[in-house]
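Participant: Test case, fold it:
(one chain, ligands or ions: 2)
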Amino acid sequence: MLGALAGLGVLLALSSPVLRRRAPYVWWGMCGYPAGAVRVMWTWRRLADLQGLSVAKRPPLALLGGVVLKGRALKPVKPRMGLPRWKRGGLVVRVRLHPGQIPEAYAVAGEAMAHAWRVFAVRVASDSRGFVVLTATAWDPLASPSLPLVRPGPLLSASVGQWEDGRAWVVNLRRVPHWLIVGATRSGKSTLMASLVSQWAPQRVALVGIDLKGGMELSLFGARLSALATSRHEAAELLGRLVEITTARMERCRAAGVRSVWELPGKARPVPVVVLVDEVAELYLMASSADKAEVAQVSTALLRLAQLGAALGVHLVVAGQRVGSDLGPGVTALRAQLAGRVCHRVMDKGTAEMALGDLDPGAVTAAQEITADQPGVAVAFGDDGGWMRARSLLTTPGQARRVAERHAALAPSFAELGSAS
Ligand SMILES: Nc1ncnc2c1ncn2[C@@H]1O[C@H](COP(=O)(O)OP(=O)(O)OP(=O)(O)O)[C@@H](O)[C@H]1O
Ligand SMILES: [Mg+2]
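Facilitator: Numbers count the residues shown, from 1 in each chain. Ligands and ions are numbered 1, 2, ... in the order given. Now for the predicted structure:
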């Protein structure tokens with residue numbers, strides 16, 4: 001019996017590197033997880049001591065006769081940890097906080113835990129008062145994402161990639177109506193947009209593009225777009241017409257006594273419009289004072305669409321390298337209206353903060369850790385309001401063009417947008 005067990009152990013040890021390469025999840029279940037769980041328990045005391053998570057039961061001050069003695073107690077007590085539980089490609093362990101401790105103290109120690117446990121990352125969350133949940137991910141699942149198969153989703157939802165935990169990353173405009181996509185150059189903004197458009201192209205949705213980089217990115221989808229503006233002048237005109245359409249929809253809802261187009265009966269419901277803006281900064285840059293009026297016009301129209309659009313089936317997806325107030329007050333106001341956030345690799349902390357900071361500081365740190373060799377990797381907010389790393393599906397220009405051509409007949413004309421479906 002013992003001999004058989006020893007044989008099995010040797011066999012596992014020998015086949016482990018091959019298994020790890022070929023079938024990482026099987027390897028994790030058979031070898032990685034048991035070894036990882038032992039390592040977690042083995043190193044916990046030392047980790048907790050070194051990271052200041054252990055707390056001495058005795059107070060740091062003592063009275064000896066009439067003299068007050070100061071010092072550290074000899075035996076700090078480590079926080080109580082449950083058994084590490086298996087998770088696909090990782091493990092989860094629950095820890096009870098000492099009185100007076102907060103989850104942030106554990107978040108700071110996350111990197112040290114990742115090193116000690118030889119895993120890719122350790123995330124810290126708190127599911128109930130007095131406890132933290134440490135989730136270790138064995139390797140970066142986004143390095144080579146294997147996309148789960150998803151069935152076509154409901155109207156205005158797009159399955160654009162994969163979350164770090166393996167689930168499909170779905171952007172749904174019915175849940176979060178407007179999105180801001182931020183990232184440095186070649187970080188994957190346009191690719192994510194292409195992925196979104198490819199998913200919305202087969203749906204009964206009007207797609208409108210504003211691409212001031214000469215239309216290089218969005219013209220790939222030209223056949224499926226109801227309109228494409230490639231200069232600020234065209235953009236101002238296009239946005240003006242969209243505001244008119246939105247206002248007309250508002251009137252119609254008021255006449256029908258409903259508060260959104262989605263409450264209108266099927267036949268009276270107008271087709272949803274998605275306005276895609278690639279490189280938003282170009283809309284706000286002023287070369288001369290003559291541009292001022294046009295910038296103001298564009299800025300007001302975008303803001304109006306963002307404020308009114310959600311209930312009236314008009315959605316914004318705005319991408320840009322920078323979205324700072326240096327571009328003008330209009331950008332800050334617009335940013336506040338775009339609740340959905342995706343932050344790719346950024347050049348500075350300020351940009352990540354602008355994209356994510358007002359929602360969660362932990363997300364800013366994660367965005368700053370994205371490196372140049374990970375295009376398409378981003379920190380994004382899910383429907384539940386929590387953030388996670390995700391990677392978009394690579395959509396090549398050829399694929400984009402083919403999708404657009406295949407569904408060109410579905411592109412409604414501008415005149416149809418004002419009327420019912
Ligand atoms: N999800 C992805 N998976 C793999 N590679 C990707 C992904 N997204 C982008 N890339 C690679 O990164 C390159 C740059 O991506 P993209 O053009 O989308 O960047 P960008 O942020 O729009 O840059 P720019 O600001 O210069 O327009 C792409 O050509 C592609 O090779
Ligand atoms: Mg781009």
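Participant: For ligand 1, what is the nearest residue in the stretch 201-350 of the chain?
Facilitator: residue 321 (5.5 Å; CB to the nearest ligand atom). Where you see a C-beta, it was placed from the backbone N, CA and C, and this is true even at glycine.
Participant: State the distance from that residue to residue 43.
Facilitator: Using CB to CB, to the nearest Å, one obtains 42 Å as the distance from residue 321 to residue 43.
Participant: Report pLDDT for the residue in the chain positioned nearest to ligand 2.
Facilitator: Going by CB to the ion, ligand 2 is nearest to residue 190 of the chain, at 3.1 Å. Confidence at residue 190, expressed as pLDDT, is 93.
Participant: which one is it nearest to, not counting chain neighbours?
Facilitator: The spatial neighbour of residue 190 that comes closest, neighbours along the chain excluded (CB to CB, 6 or more residues apart in numbering), is residue 217 at 4.4 Å.
Participant: OK, contacts around that neighbour?
Facilitator: By CB atoms under 8 Å, 6 or more residues apart in numbering, the contact list for residue 217 reads 190, 193-194, 211, 278.
Participant: May I ask which of these has the most neighbours?
Facilitator: Using other CB atoms under 10 Å as the neighbour criterion, residue 194 leads the contacts of residue 217 with 29 neighbours.
Participant: ok, now how distant is it from residue 45?
Facilitator: Computed as CB to CB, the residue 194 to residue 45 distance reads 50 Å.
Participant: before we move on, what SS does the residue of the chain closest to ligand 2 have?
Facilitator: At residue 190, secondary structure determined by DSSP: H, G, I helix; E, B strand; the rest coil is helix.
Participant: Does ligand 1 have contacts with stretch 178-194?
Facilitator: Yes. Stretch 178-194 reaches ligand 1 (CB under 6 Å from any ligand atom) through 183, 185-191.
Participant: among those, which two are most distant?
Facilitator: Farthest apart among the residues of stretch 178-194 next to ligand 1 by CB to CB are 185 and 191. That separation is 12.4 Å.
Participant: what about the two, which has more around it?
Facilitator: The neighbour count for residue 185 versus residue 191, taken as other CB under 10 Å, is higher for residue 191 (23 against 9).
Participant: Surely that one and residue 397 touch.
Facilitator: No. Using CB atoms under 8 Å, residue 191 is not in contact with residue 397; the gap is 9.7 Å.
Participant: For ligand 1, what is the nearest residue in the protein?
Facilitator: In the chain, the residue that lies nearest ligand 1 is residue 376 (2.1 Å; CB to the nearest ligand atom).
Participant: Counting neighbours, what do you get for that residue?
Facilitator: Neighbour count of residue 376, defined by other CB under 10 Å: 24.
Participant: repeat for residue 3
Facilitator: Neighbourhood size, residue 3 [other CB under 10 Å]: 7.
Participant: Same question for residue 129.
Facilitator: Neighbourhood size, residue 129 [other CB under 10 Å]: 6.
Participant: Specify the local secondary structure of it.
Facilitator: coil.
Participant: Quick one: residues contacting it.
Facilitator: Residue 129 makes contact with no residue, according to CB under 8 Å, 6+ apart.
Participant: and if you look at residue 279?
Facilitator: Shown in contact with residue 279 (CB under 8 Å, 6+ apart): 211-213, 319-321.
Participant: Lowest-confidence one in the residues you listed?
Facilitator: In terms of pLDDT, the lowest of these is residue 213, showing 86.
Participant: tell me the phi and psi of the residue nearest to that residue when sequence neighbours are not counted?
Facilitator: Closest residue in space to residue 213, ignoring its immediate chain neighbours: residue 279 at 5.4 Å, by CB to CB, 6+ apart. In terms of degrees, to the nearest 10, the main-chain angles of residue 279 are phi 60, psi 80.
Participant: Buried residues of the top helix by length along the chain, list them for me.
Facilitator: Longest helix in the chain by number of residues (criterion: DSSP state H): helix 232-256. Judged by neighbour count (16 or more other CB atoms under 10 Å), helix 232-256 contains these buried residues: 232, 235-239, 241-243, 245-246, 249, 252-253.
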